[in-house]
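Novice: Quick one, structure for this:
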Amino acid sequence: MHLAIRQFRLIALMPTLLIAFASSVGLAQSGIGNGDSNWITVENVKKQGDTLIFPEVQIEGDGWLVIHPFMNGAPNGDRVVGRTFLESGTNSDVEIEIHKGIAAGEMMIVMLHSDSNKNGEFDFIFIDERNVLDLAVFEGAIMIGHAIPAP
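Specialist: Prediction:
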């Protein structure tokens with residue numbers, strides 16, 4: 001029962017947490033979700049050890065599926081705990097290892113980053129106060145990403 005109350009509180013706080021995440025990465029006027037050309041299927045994500053398997057990820061141009069952790073109850077866009085390279089197009093059964101480990105129900109942000117400089121390396125180097133070299137993928141004002149609990 002205690003776990004159910006905790007999960008309910010976290011779900012109730014999600015809009016506030018997502019606004020905090022968006023503000024921390026300069027996205028206060030934006031939202032997160034899927035677009036028409038880029039998406040992450042978050043239903044039926046599987047967990048094998050410290051690896052998550054996403055059924056389908058679509059990205060225009062090569063890029064990265066990236067996991068940011070929640071820390072102290074809020075998303076932390078300054079840290080990366082997992083990433084995997086994606087080729088342009090539809091990618092099935094995408095595996096991403098969580099380097100710090102992950103417990104069932106643990107919240108995370110899963111999102112797309114482009115391979116902006118097309119070098120096949122994930123360049124998570126801040127180029128200004130808000131952006132990293134391999135930029136987050138957007139469609140209009142929607143950042144392609146989701147806040148989800150680990151399965």
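
Novice: Within the helices and strands, which one has residue 92?
Specialist: Per DSSP states H and E: residue 92 is located in strand 89-97.

Novice: Just grab the bridge partners of residue 109 for me.
Specialist: residue 68, residue 147 (DSSP bridges).

Novice: doesn't residue 150 make contact with it?
Specialist: No: applying C-beta atoms under 8 Å as the test, residue 109 and residue 150 come out as separate, 11.9 Å apart. C-beta here means a position set from N, CA and C on the backbone, and glycine is covered the same way.

Novice: Between those two, which has more neighbouring residues?
Specialist: residue 109 (23 against 17; other C-beta atoms under 10 Å).

Novice: Which positions in stretch 67-74 come out as buried?
Specialist: Buried positions in stretch 67-74, judged by neighbour count with 16 or more other C-beta atoms under 10 Å: 67, 68, 69, 70, 74.

Novice: One more: stretch 106-117?
Specialist: 107, 108, 109, 110, 111, 112, 113, 114, 115, 116.
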